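**Student:** Just to be clear, the model below is a prediction. Sequence and coordinates:
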Amino acid sequence: MFAAGLHGDCCTLLHQAIGTWCQGKSVAWQGMDDELWEALAEEARLHGVSGLLYTLLPDDVPAAVRDTLRSDYQNQLAANVLYMQKLAQIVPALKNAGVRFAVVKGAALLATAYPDMGTRAMKDIDLLVHPEDANILKPVMQQLGWQEEDEDIAGKHFGERYRAETSFTRREGSLMLRAEAHLDVPGFYPRSRGAIWQKVTSVCVAGIDEMPVLSVPAHLNYLCTHFYYHHCGQGLKWLVDVALLVSQVRSWHDVVVDAYEFGTTRPVHLALYDVAKCLHVPVPQHIVETLRFLPMPLSLRLLFELCKRPSLHYLGIRLLDIYRAPNWHTRLGYIWRKLTAPRWRRLSRCE
């Protein structure tokens, strides 16, 4: 039960409600006045889970709050349906062209973990693409009407050559759709990156036959690493992603083995610890403790310690880009382009 005594701590109240939902239980609201509902809705929008909160609302919620959250839910639903329609074109085209890929993060989670297409915000399509197939990917995407983004802050084709990723955009009416193609898995130990392609399976969803996705243990490792390397372990939306995959784990042994192989034991340990602590989702304690004491490559551990601290996050990500570059020629080129990129362009991209 959620009482009005939590009036001053909407963040805790939001975590409790969503944690209850993640456990498959019904949320019981009590002692909620209009002011608390408004503050809770604002907190949900801040954390990117307003669409999810809308599906949990009781009948007596204030009309203004319901209307605000309904608008967020409907906007998310419309955007996600559009993205899935485009994905239904992309998946068979890439498969027919022989591109090795897997759908990850938002679209994959909507297909495998979320019960409602409007409960999870998705701002782009994320694809993990085999680096050897990058040159096949581009013409296929262009034939489908997607344009590659070349104007990175550090020069043309910078994303492809130095950050192991490239992006495509497509305008649909007033919406600018975006697709990210990741040619590498940030935070995974370089020697084990190829192993990720042994973890690909497929699902059928939204009219897409055999959409390639990562297995649950591998995707859980991917999400935990992304959560800490790119978001400093902050963000309720990402924590919910991890929690929903936790509920689908059938073999914790596979999760631990994958974490050890990928060199992701520390971020997986912390993400699972946070899920249990903040959302009260059951996670086997012996698994959390096992991951805690398993070794992690020192190079990745040092980068992880930088990335998980907000004040050092930018430095950690830049060093991670250098670390995962294929050779020193690429690393030096990365450093040179970053140093010589006009400052006004860097600022304009951030505004």
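**Tutor:** That came in fine, so what should we check first? Quantities reported herein were computed from a predicted structural model and do not represent experimental measurements. Numbering: from 1, shown residues only.
**Student:** for Asp124, phi and psi?
**Tutor:** Comment: the main-chain dihedrals of Asp124 come out as phi -160, psi 170, following degrees, to the nearest 10.
**Student:** Which secondary structure state does the nearest residue to it once chain neighbours are set aside sit in?
**Tutor:** Residue nearest to Asp124 in three dimensions, not counting chain neighbours: Arg178, with 3.9 Å by C-beta to C-beta, 6 or more residues apart in numbering. (Each C-beta comes from the backbone N, C-alpha and C, glycine too.) Arg178 carries the three-state label strand when classified by DSSP: H, G, I helix; E, B strand; the rest coil.
**Student:** who touches Arg178 in this structure?
**Tutor:** The contact partners of Arg178, by C-beta atoms under 8 Å, 6 or more residues apart in numbering, come to 123-125, 167-169.
**Student:** Quick check: it vs Lys123, distance?
**Tutor:** 7 Å (C-beta to C-beta, to the nearest Å).
**Student:** again, but for Gln285
**Tutor:** As judged by C-beta to C-beta, Gln285 and Lys123 stand 35 Å apart.
**Student:** before we move on, back to that, where's the dip in pLDDT among the contacts of Arg178?
**Tutor:** Of all those, Ser167 has the smallest pLDDT value, namely 86.
**Student:** Do I have it right that that one meets Glu148?
**Tutor:** Yes - Ser167 is within contact range of Glu148, at 7.3 Å (criterion: C-beta atoms under 8 Å).
**Student:** Could I get the pLDDT score of the residue lying closest to Leu57 once chain neighbours are set aside?
**Tutor:** In this structure, Leu57 finds its nearest non-sequential neighbour in Arg66, 6.1 Å apart by C-beta to C-beta, 6+ apart. In the prediction, the pLDDT value recorded for Arg66 is 95.
**Student:** now swap in Asp60 and tell me
**Tutor:** We note a pLDDT of 89 for Asp60 in this prediction.
**Student:** what does the one 10 residues further on give?
**Tutor:** The score at Arg70 is 96. That number is its pLDDT.
**Student:** With Met1 instead?
**Tutor:** 42.
**Student:** which residues in the stretch 201-350 of the chain form strands?
**Tutor:** 208-214 (DSSP state E, counting those that start in this stretch).
**Student:** For this structure, give me the ranges with low pLDDT.
**Tutor:** For the chain, the stretches flagged by pLDDT under 70 are 1-8, 150-163, 341-351.
**Student:** What are the structural domain limits within it?
**Tutor:** For the chain, whose domains are defined here by automatic domain parsing, the residue ranges read 4-77, 78-345.
**Student:** what's the offset of the shortest one from the middle of its chain?
**Tutor:** By that I understand domain 4-77. Computed by C-alpha atoms, centre = their mean, to the nearest Å, the chain-centroid distance of domain 4-77 equals 22 Å.
**Student:** can you check stretch 231-243 too?
**Tutor:** Centroid separation between stretch 231-243 and its chain, computed with C-alpha atoms, centre = their mean, is 8 Å.
**Student:** what comes up buried for it?
**Tutor:** With burial defined by 16 or more other C-beta atoms under 10 Å, the residues of stretch 231-243 counted as buried are 231-233, 236-243.
**Student:** and the residues you listed as CSV, adding distance to Ala41?
**Tutor:** Output for the buried residues of stretch 231-243, formatted as CSV (distance: C-beta to C-beta, whole Å):
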residue, distance to Ala41
His231, 23
Cys232, 25
Gly233, 25
Leu236, 14
Lys237, 15
Trp238, 20
Leu239, 19
Val240, 17
Asp241, 21
Val242, 24
Ala243, 21
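**Student:** Show me which pair in the residues you listed is furthest apart.
**Tutor:** Across these, no pair lies farther apart than Cys232 and Ala243, at 18.1 Å, counting by C-beta to C-beta.
**Student:** show me where the stretch 1-150 of the chain has strands.
**Tutor:** With DSSP E, counting those that start in this stretch applied, the stretch 1-150 of the chain shows strands at 101-104, 125-129, 147-148, listed in chain order.
**Student:** Can you check which of the ones you listed gets nearest to Leu291?
**Tutor:** Of all those, it is strand 101-104 that lies closest to Leu291, at 21.1 Å by C-beta to C-beta.
**Student:** helices or strands up against the closest one?
**Tutor:** In this structure, strand 101-104 makes packing contacts with helix 63-96, strand 125-129, strand 208-214, judged by 3 or more C-beta pairs under 8 Å, 6 or more residues apart in numbering; DSSP states H and E.
**Student:** Tell me which other helices or strands the longest one touches.
**Tutor:** If you count contacts as 3+ C-beta pairs under 8 Å, 6+ apart, helix 63-96 packs onto helix 34-47, helix 50-54, strand 101-104, helix 106-112, strand 125-129, helix 134-143, strand 175-182, strand 208-214.
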